[in-house]
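>>> I need the structure of the sequence given here:
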Amino acid sequence: MSIVEFAPDVEFKLRTFKHDTQRYNYSIISAHRPPSTKEGIAGDIFKDSSAGHVYIRTLEGWGDPVPKSGEGSFHPVLNKSRVLWDGEWRAISHPPYRDYRRGEKAATKQAVNSLAPGVINEWVIPLVRKWSSGKASFIPSELSSGRLILEAVSKKQGAIFIGPNRTEVSKCVTFYPVERSGERPDVDLLVRDVQKNRKTKFFDSLSNMKISKVDFATFIRQRNYFTRDKPFPELSYLITILDIFATHQDGVKSAGYKLPFEDDENTEITPLSSTWTLPGAITHPHMDGYGDRAFMVHYEGVKIWLIWPATVKNLSTMEKALCAAAKTDLTTDLIEKLEGLEVMVLGEGDEEVAFSHKANMIHACLSVTECAHLGVYIRHIPFFQEAVEVLGWAVQWVRKASSGTAPVDEIRREVVRIKNAVSDWENLAKRAGDYTANLEILRRCDELKNELAQIK
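As a prediction, this is how the structure comes out:
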């Protein structure tokens, strides 16, 4: 099709530039949808205003959405002779782009210098830059803690960098296409969900401990610090909000995210809820629940995830950490001792990312910017073998810990949580379609309950 033949629902601007002796024409196209295969020619730029994505037409067709609104992408025909900058194709000598590249080189050098000798994983260097140059750097304690954690990652032998568009295969997560029927959630929807929830929990992001004497107004006050041109006050901790249950009307649930599983006789899914973190928030290595898989959609901000599989060795290593105070040196020690470290950065290029993770995946997170994700826990009969391995370990752990190796109150709390998890699987097995096939699940649940009953 010619350069001006577009569908009737689009707006477009014609642009031209001269390279060597040849003139190149291209269009900047805007619509409330992704591009169709019949639109555009190589070099055209398509802006999907509904999703906030930018696409570049190559010789083969429209590619995947490009990160950072395409800024810094090279021309599909002229390659590094032309760069997308300020929404148009520019010469690489374009002063703002040239200054940007100089700044990038200086920032990279500074990030390298901030790491102690012995870097193995050079892909960590851009992560250090992100952490050190953004709003996460506003709080000295979080800035220092994040740098130490990333430095430990940079020296971890065998660590891999994963993501939905990367070739490395994860042992912990499975990525899914993001599918939703409504608009992408924003902060306004999160605020409405918080206002409608009575069970919303506020946590100290440094200790990972629940805070009782904090309310939503206190969180908003901290959030406002990041938006003002004033000296940042010294804070002893950052507040994180968990269990913001999604609501239909004017809430995050109105986005209509499609889940890979549905409630049925073999599957149980918990209610959708969001987690909301501020720039610089750090959650140290931990596990959520006992024996349940999770499905999540990251829909706001940029967050670094450190994840490990729930192997026998890793679960054993985590036993000493589960009741210990969350501190930076504990995290760096676990990075060294845990096996199978995988790192992913979610939200780059303003992208939504959907993924599921296996039962009791060990994880730690660093919020580079303000972040939010939606999540559910999933119990599915075919996943029981994975769950029972974790539950069996958990029972043995609390039996050992009950002998005095951990605080009594904390162990009692964990015993209750494990009992509830076993009961949830038992109830699912009783209502599942093929009752006879689930007799083994019921038998194993009985064994676990009997073992738990022996703990005083």
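
>>> mind pulling the model confidence for Gln110?
pLDDT, Gln110: 63.

>>> can you give me the helices for the stretch 351-456 of the chain?
Using DSSP state H, counting those that start in this stretch, the helices of the stretch 351-456 of the chain run over residues 384-401, 408-431, 439-453.

>>> with the chain instead?
Secondary structure of the chain (DSSP state H): helices located at 95-114, 125-133, 140-154, 187-196, 216-225, 312-318, 328-337, 384-401, 408-431, 439-453.

>>> and of the ones you listed, who's closest to Trp276?
Between Trp276 and the helices of the chain, the tightest spacing by C-beta to C-beta is seen for helix 187-196, at 5.8 Å. C-beta: built from backbone N, CA, C; applies to glycine.

>>> for stretch 84-101, the distance to its chain's centre please.
Centroid separation for stretch 84-101 versus its chain: 31 Å, with C-alpha atoms, centre = their mean, to the nearest Å.

>>> what's the span of it, first residue to last?
13 Å (C-alpha to C-alpha, to the nearest Å).

>>> mind listing what's buried along it?
Residues Leu84, Trp85, Trp89, Arg90, Ala91, His94, Tyr97 are the ones in stretch 84-101 that count as buried (16 or more other C-beta atoms under 10 Å).

>>> what do you get for stretch 150-159?
So for stretch 150-159, counting by 16+ other C-beta under 10 Å, buried means Leu150, Glu151, Ala152, Val153, Ser154, Lys155, Lys156, Ala159.

>>> from Ile282, how far out is the second one?
Think Glu151. 14 Å (C-beta to C-beta, to the nearest Å).

>>> do the last one as well
Using C-beta to C-beta, one obtains 18 Å as the distance from Ala159 to Ile282.

>>> now the buried residues of stretch 150-159 in CSV, with distance to Ser49 and pLDDT?
CSV is the format used below for those (distance: C-beta to C-beta, whole Å; pLDDT from 0 to 100):
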residue, distance to Ser49, pLDDT
Leu150, 35, 94
Glu151, 40, 92
Ala152, 41, 94
Val153, 37, 96
Ser154, 38, 93
Lys155, 43, 92
Lys156, 41, 94
Ala159, 38, 96
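
>>> would you confirm that Glu348 contacts Gly301?
No: using C-beta atoms under 8 Å, Glu348 is not in contact with Gly301, being 10.2 Å away.

>>> give me the more crowded residue out of these two.
Gly301 (19 against 16; other C-beta atoms under 10 Å).

>>> for the nearest residue to that one once chain neighbours are set aside, give the beta-bridge partners.
Nearest non-adjacent residue to Gly301, counting by C-beta to C-beta, 6 or more residues apart in numbering: Cys371, 3.4 Å away. Residues in a beta bridge with Cys371, per DSSP bridges, are Thr277.

>>> OK, contacts around Cys371?
Residues near Cys371 by C-beta atoms under 8 Å, 6 or more residues apart in numbering: Trp276, Thr277, Ala281, His298, Glu300, Gly301, Val302, Lys303, Gly347.

>>> let's see that with 10 Å instead.
By C-beta atoms under 10 Å, 6 or more residues apart in numbering, the residues touching Cys371 are 240, 275-279, 281, 298-304, 346-347, 365.

>>> buried sites along stretch 201-213?
Applying a neighbour-count criterion of 16+ other C-beta under 10 Å, one finds Lys201, Phe202, Phe203, Asp204, Ser205, Leu206, Asn208 buried in stretch 201-213.

>>> domains in this structure, as residue ranges please.
As assigned by automatic domain parsing, the chain contains the domains 11-93, 97-154, 160-381, 383-453.
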